[in-house]
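> only geometry, no sequence info:
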């Protein structure tokens with residue numbers, strides 16, 4: 001019997017969900033500097049506060065999001081997650097009018113005039129708008145925290161161990177693709193609607209991008225069922241999917257092939273008694289913040305360093321090039337452990353850790369990004385692209401270590417716990433960066449680091465932290481779990 005390949009259709013659905021996830025996440029980073037900040041009088045510290053608290057909201061919710069996904073199941077859990085984050089994305093558009101009303105102005109133009117004057121009125125507008133955006137970001141975090149636990153759980157359901165890193169790399173590339181297309185789409189949307197006189201333009205960018213998630217929900221309701229229940233998965237494909245498991249003798253249809261017994265779920269607090277859990281926590285805490293820093297701050301970096309606004313065609317080309325590098329190289333990152341296992345005969349965990357060590361060296365390129373910026377902005381774009389490719393390749397494999405070592409019934413829970421740790425790390429780096437950049441800009445030439453002055457010195461400090469984070473994480477992970485060991489419920 002010829003094997004169906006419906007698991008790749010499911011992988012494509014995960015890819016598109018992750019793409020939408022990152023498009024929604026990127027609207028703020030691509031509009032705040034040129035469209036939103038002038039309207040509300042934001043500083044780097046204001047923006048750093050919003051991105052940092054989004055990260056901490058995301059972290060806290062992730063702690064329980066995985067458990068909720070395990071409880072609700074992947075179909076319902078994913079639907080609720082994308083509903084909440086799509087609704088939240090659209091609600092950002094109301095922050096301008098809400099700030100106007102709360103601060104007692106009759107029109108947006110009157111509020112804008114108060115921002116230009118500054119003083120206590122300007123401070124009140126900036127503070128109120130920051131709190132409103134934080135409320136929307138918290139709801140966005142509520143939904144987005146469910147994406148990766150659900151996607152990793154689906155990947156474990158639809159793939160044998162040897163294919164999970166590749167499948168994860170493919171859907172995880174949605175993050176890169178979302179970041180790749182967003183600089184081409186989002187600033188132009190904001191610029192177009194601003195020219196049409198529809199608010200500040202940024203509002204419609206949030207609404208249009210946010211609406212994409214509702215479309216995805218319709219396809220998910222139609223297509224997703226567990227492999228053993230799906231009419232699109234035949235016996236040959238189901239046997240392949242379940243090749244890691246002991247299954248009961250099957251009849252001629254896919255529905256007849258069932259695991260011998262359901263795996264027991266590991267209690268939430270018991271999860272923290274395993275070294276495997278702490279290995280995953282460490283890997284996420286040290287490295288997720290690097291990805292989120294570049295995701296949130298790269299448009300601002302090109303603005304600060306090269307005076308390139310987000311809607312400048314050169315900025316779009318630079319960011320698109322950066323994420324094109326991330327996208328294409330990171331998919332290969334999912335194949336590398338498969339090569340080690342199938343061609344070199346390595347055990348899956350050993351092959352995965354070797355691949356992760358290789359990818360941990362990529363972020364060292366961040367050390368050269370700032371010095372090379374004096375030559376051309378294209379060089380930092382390329383080097384940051386290599387950092388991002390290393391992260392996404394690392395990410396595809398670290399997620400797969402969870403499905404390798406934990407029962408499927410607990411995969412989403414552990415993924416959520418690790419995502420929480422990653423969000424905490426992101427909070428630290430984003431809030432710290434915002435404070436550092438505002439401080440460095442204020443000090444000017446008096447603030448120096450490695451030959452750079454002012455805000456460029458601040459960027460150099462953060463780049464140095466990013467460069468060594470992955471090697472430090474890998475060393476700790478390897479010491480915690482030197483060899484593969486399956487966790488039993």
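It's in. Note that the coordinates shown come from a computational prediction; the quantities given were computed from them, not determined experimentally. Numbers count the residues shown, from 1 in each chain.

> so residue 427 sits in a strand?
No - read with DSSP: H, G, I helix; E, B strand; the rest coil, residue 427 is helix and lies in no strand.

> distance of it from residue 56?
4 Å (C-beta to C-beta, to the nearest Å). Glycine gets a C-beta too; all of them are placed from N, C-alpha and C.

> more neighbours: those two, which one.
residue 427 (22 against 19; other C-beta atoms under 10 Å).

> so the more buried one is in contact with residue 50, correct?
No - between residue 427 and residue 50 there is no contact under C-beta atoms under 8 Å: 11.4 Å.

> how about the contacts made by residue 111?
Shown in contact with residue 111 (C-beta atoms under 8 Å, 6 or more residues apart in numbering): 39, 99-100, 103, 105, 125.

> go again using 10 Å as the cut-off
Neighbour list for residue 111: 39-41, 96-97, 99-101, 103-105, 121-122, 125, 128-129 [criterion: C-beta atoms under 10 Å, 6 or more residues apart in numbering].

> next, it: phi, psi?
phi -70, psi -40 (degrees, to the nearest 10).

> separation between it and residue 125?
For residue 111, the distance to residue 125 - C-beta to C-beta - is 6 Å.

> next: residue 58.
26 Å.

> try residue 76
41 Å.

> okay, now the unreliable bits of the stretch 251-400 of the chain?
Low-confidence segments of the stretch 251-400 of the chain, defined by pLDDT under 70: 251-264, 334.

> just the helices in it please.
With DSSP state H, counting those that start in this stretch, the ranges of helices along the stretch 251-400 of the chain come out as 275-306, 313-342, 348-360, 366-372, 378-405.

> quick one: closest of these to residue 180.
Nearest to residue 180, of all these, is helix 313-342, at 3.5 Å by C-beta to C-beta.

> quick one: buried residues of that closest one?
By 16 or more other C-beta atoms under 10 Å, the buried positions in helix 313-342 come out as 315-327, 329-331, 333-338, 340-341.

> cool, stretch 188-198 as well?
Going by neighbour count (16+ other C-beta under 10 Å), the buried part of stretch 188-198 is 188-191, 193-194.

> nearest to residue 8 among the residues you listed?
residue 189 (31.2 Å).

> what sits against the closest one?
If you count contacts by C-beta under 10 Å, 6+ apart, then residue 189 has 27, 30-31, 201-202, 204-209, 311 around it.

> quick revisit: which neighbours do residue 111 and residue 125 have in common?
39-41, 99-100, 103, 105.

> may I see the ChimeraX selection of the buried members of those?
Only the buried entries of the shared contacts of residue 111 and residue 125 go into this ChimeraX selection, using 16+ other C-beta under 10 Å:
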select :39,40,41,99,100,103,105
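
> ok, back up a step: farthest-apart pair in the contacts of residue 189, please.
So, those by C-beta to C-beta: farthest apart are 207 and 311, at 18.2 Å.

> looking at those two, which is more packed in?
Taking other C-beta under 10 Å, residue 207 and residue 311 do not tie; residue 311 has more neighbours (21 against 18).

> nearest spatial neighbour of that one, skipping sequence neighbours?
Excluding the flanking residues, the one nearest residue 311 by C-beta to C-beta, 6 or more residues apart in numbering is residue 187, at 3.9 Å.

> with residue 330 instead?
residue 392 (3.4 Å).

> residues touching the one you found, list them.
Per C-beta under 10 Å, 6+ apart, neighbours of residue 392: 168-169, 172-173, 175-176, 179, 291, 323, 326-327, 329-331, 333-334, 359, 362.

> try it again at 7 Å.
Residue 392 makes contact with 172-173, 175-176, 326, 330, 333, according to C-beta atoms under 7 Å, 6 or more residues apart in numbering.

> same check on residue 75?
Taking C-beta under 7 Å, 6+ apart as the test, what residue 75 contacts is residue 224.

> element containing residue 47, please.
helix 44-72 (DSSP states H and E).

> by contact count, what packs against that helix?
helix 74-91, helix 119-144, helix 147-158, helix 408-443 (3 or more C-beta pairs under 7 Å, 6 or more residues apart in numbering; DSSP states H and E).

> if we go to 10 Å?
Here helix 44-72 touches helix 6-31, helix 37-40, helix 74-91, helix 119-144, helix 147-158, helix 275-306, helix 408-443, going by 3 or more C-beta pairs under 10 Å, 6 or more residues apart in numbering; DSSP states H and E.

> tell me the mean pLDDT for stretch 104-116?
Mean per-residue pLDDT for stretch 104-116: 90.

> give the buried residues for that stretch.
Under the neighbour-count criterion of 16+ other C-beta under 10 Å, stretch 104-116 has 105, 111-112, 114-115 buried.

> for residue 240, which of the helices of the stretch 251-400 of the chain is the nearest?
helix 313-342 (14.3 Å).

> how much space between the closest residue to residue 379 other than its chain neighbours and residue 179?
Computed as C-beta to C-beta, 6+ apart, the closest residue to residue 379 that is not its neighbour in sequence is residue 372, at 3.7 Å. Between residue 372 and residue 179 the computed distance is 21 Å (C-beta to C-beta).

> the two - which one has more neighbours?
residue 179 (28 against 17).

> the more buried one contacts residue 295, correct?
Yes - taking contacts as C-beta atoms under 10 Å, residue 179 lies within contact range of residue 295: 6.2 Å.

> intersection of neighbour lists for those two?
Common neighbours of residue 179 and residue 295 (criterion: C-beta under 10 Å, 6+ apart): 22, 25-26, 29, 323, 388.

> considering those, which possesses the most neighbours?
Among the shared contacts of residue 179 and residue 295, residue 323 has the most neighbours (other C-beta under 10 Å), with 31 neighbours.

> against residue 21, how distant is that residue?
15 Å.

> same check on residue 389?
19 Å.

> one more: residue 437?
Distance of residue 437 to residue 21, given as C-beta to C-beta: 26 Å.

> so residue 483 sits against residue 279, correct?
No - Residue 483 is beyond contact range of residue 279, at 11.7 Å (criterion: C-beta under 10 Å).

> between those two, which contacts overlap?
residue 353.

> okay, these two: which has more neighbours?
The residue with more neighbours, out of residue 483 and residue 279, is residue 279; 24 against 9, by other C-beta under 10 Å.

> from residue 340, how far off is the more buried one?
From residue 279 to residue 340 the distance is 19 Å (C-beta to C-beta).
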